[in-house]
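my questions are about this predicted structure, shown below with the sequence.
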Amino acid sequence: MTLPWLSEEEHFIKDTAERFAREQLAEGYMGRSKDEALDRGLLRKMGQLGLIAPIFAEENGGIGASSMVQGVICEAIAHADINLAYICMTTPLIGCVIEKYGSAETKEEVLPQMAAGELIVQLGLTEPRGGSDAANLILKATKKGDKYILNGEKTSISYGAQAEMSLLFARTDQDTPGAHGVSAFLVPLDLPGVTCTRFDDVGSSSVGRGSVFFDDVEIPASALLGNEGEGFTKVMAGFDLSRFLIALQCIACAQASVDETWQYIQEREAFGKPLAKFQGTTFPLAEHDSRLAAVRALCYQGLALRDQGLPHTKEAAMVKWMAPKWGTDIIHECLVQHGHYGWGHEMPHMQRMIDVMGLQIGDGTAQIMKTIVTRETIGSIGVAYK
């Protein structure tokens, strides 16, 4: 796909990502989907090629690339393996918080490793009782001298049992409800008192979700990012970027199934002629391509707005509900068009479908996204969260 707004250098990055995905990722997607962790060797190769976090500043392991370039890479990788593309989505979200609010020592130590694929950092936000009401956190960070003591649980955390660190959000002010009492910390997960578990999920096994328990875990005051009480607003500002990247993951994954189905209906014959001669097979694919192209265009429009410093929250919420929903539906229909071949594990449609389906939940459900669209369009009307 040609993107005329990209520079020559940006097209080179795009071509590099697509070639790497095609030559080193696509064939092994089904096998890796059964793994319980991401392939660290492949992550390091992605890091060496600059395909994880080009959005970081040069001194932090990136090239200061635009959000648009980050989206192009995420889409290219996800076309071959949506699970490996997670690292291209979560690393910018988490790393940009560290880049903006971390100390010089923290940035120097952590960000280049993240960009190189040497270090996985999870986002420790969701809690058992919270879900989408993420501001009402109860995990405590109690100040004690020059340390904080962590107590509580995070759940449904991506990379739950394989991350080395957590960008953790905890309540430092027990008397202030909502977001204003929440602070951000960067916490190693090998500390005494930390326990990580793994869920038995339907899809995205190699990414893995789990719970992380903190039982009187001591961390230095230097683990605090920025000031107390400012943690929640820091991460929420980054969700617009991650929602565009999630949408591009889903669109790319669905596009792979559509591309394969176009090829299949030209080769498969029924009643003496190729299936492509029947409008009942071609029209659905034409509709799929149309929907994917529309959401893709809105993704890049939103990323361009972000790069220009213009409002883009509404667009991010739109694509975040459309892409996982439509992507799941489109892959399902491609599976059916392959008949009994599509139902087997020899073909990737079922795996893609369940991997995409999980992103209907992560980073906010369709209902939350539509609430955001409403808020951005007409403002808070009392029933929407503020």
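Everything's here; your move.

I'd like to know how many residues surround Glu269.
Number of residues near Glu269 (other Cβ atoms under 10 Å) recorded here: 12. Every C-beta, even on glycine, is put in place using the N, C-alpha and C of the backbone.

look up how far Arg268 lies from the residue lying closest to it once chain neighbours are set aside.
Leaving out its chain neighbours, the residue that sits closest to Glu269 by Cβ to Cβ, 6 or more residues apart in numbering is Leu275, at 7.1 Å. According to Cβ to Cβ, to the nearest Å, Leu275 and Arg268 sit 5 Å apart.

now for the helix or strand harbouring Ala237, which elements pack on it?
If you go by DSSP states H and E, Ala237 is part of helix 231-267. When contacts are defined as 3 or more Cβ pairs under 8 Å, 6 or more residues apart in numbering; DSSP states H and E, helix 231-267 packs onto helix 67-80, helix 86-101, strand 165-171, strand 182-188, strand 273-274, helix 279-307, helix 313-337, helix 349-357.

looking at those, which is closest to Ser222?
strand 182-188 (9.1 Å; Cβ to Cβ).

now do the closest one against helix 86-101, angle only.
120 degrees (axes from the mean of the first three to the mean of the last three Cα atoms, to 10 degrees).

just checking: what are the partner strands of the next helix or strand after strand 182-188?
Using DSSP H and E, the helix or strand that follows strand 182-188 towards the C-terminus is strand 194-196. Counting by DSSP bridges, the strands paired with strand 194-196 are strand 209-220 (antiparallel).

can you count the residues close to Ala294?
Neighbourhood size, Ala294 [other Cβ under 10 Å]: 14.

hmm, I typed the wrong one, I wanted Thr233.
By other Cβ under 10 Å, the residues close to Thr233 number 14.

need the per-residue pLDDT for it.
You'll see Thr233 listed with a pLDDT of 74.

quick one: residues contacting it.
Ala179 (Cβ atoms under 8 Å, 6 or more residues apart in numbering).

what angle separates the helix holding Ala237 from helix 67-80?
50 degrees.

Asp240 and Lys314 touch, don't they?
No. Proximity of Asp240 to Lys314 does not meet the contact threshold set by Cβ atoms under 8 Å, at 9.4 Å.

any stretches of this structure with poor pLDDT?
1-2, 130-135, 234, 380-386 (pLDDT under 70).

one more time with 50, if that's ok
383-386 (pLDDT under 50).

outline the domain layout of it.
Per automatic domain parsing, the structural domains of the chain span 8-119, 122-229, 233-378.

ends of the second one, what's the gap?
In other words, domain 122-229. 20 Å (Cα to Cα, to the nearest Å).

the residue nearest to the spatial centre of the chain: what's its closest spatial neighbour, skipping adjacent residues?
Taking Cα atoms, centre = their mean, the centroid of the chain lies closest to Met89, which sits 4.0 Å from it. Nearest non-adjacent residue to Met89, counting by Cβ to Cβ, 6+ apart: Leu245, 4.0 Å away.

got it, and Pro192?
Val217 (7.1 Å).

do the same with Cys88
Among residues not flanking Cys88 along the chain, Cys74 sits closest, at 4.4 Å (Cβ to Cβ, 6+ apart).

surely Gln360 and Ala366 touch.
Yes. Using Cβ under 8 Å, Gln360 is in contact with Ala366, at 6.6 Å.

check contacts around the residue nearest to Glu269.
Contacts of Leu275 by Cβ under 8 Å, 6+ apart are 264-266, 268-269, 281.

would you list those in TSV and tack on distance to Ala65?
Output for the contacts of Leu275, formatted as TSV (distance: Cβ to Cβ, whole Å):
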residue	distance to Ala65
Tyr264	36
Ile265	38
Gln266	37
Arg268	42
Glu269	46
Thr281	40
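
now the residues you listed: which count as buried?
With burial judged by 16 or more other Cβ atoms under 10 Å, the buried subset of these is 264-265, 268, 281.

for Asp240 and Lys314, indicate the residue with more neighbours.
Neighbour count, other Cβ under 10 Å: between Asp240 and Lys314, Asp240 has more, with 24 against 17.
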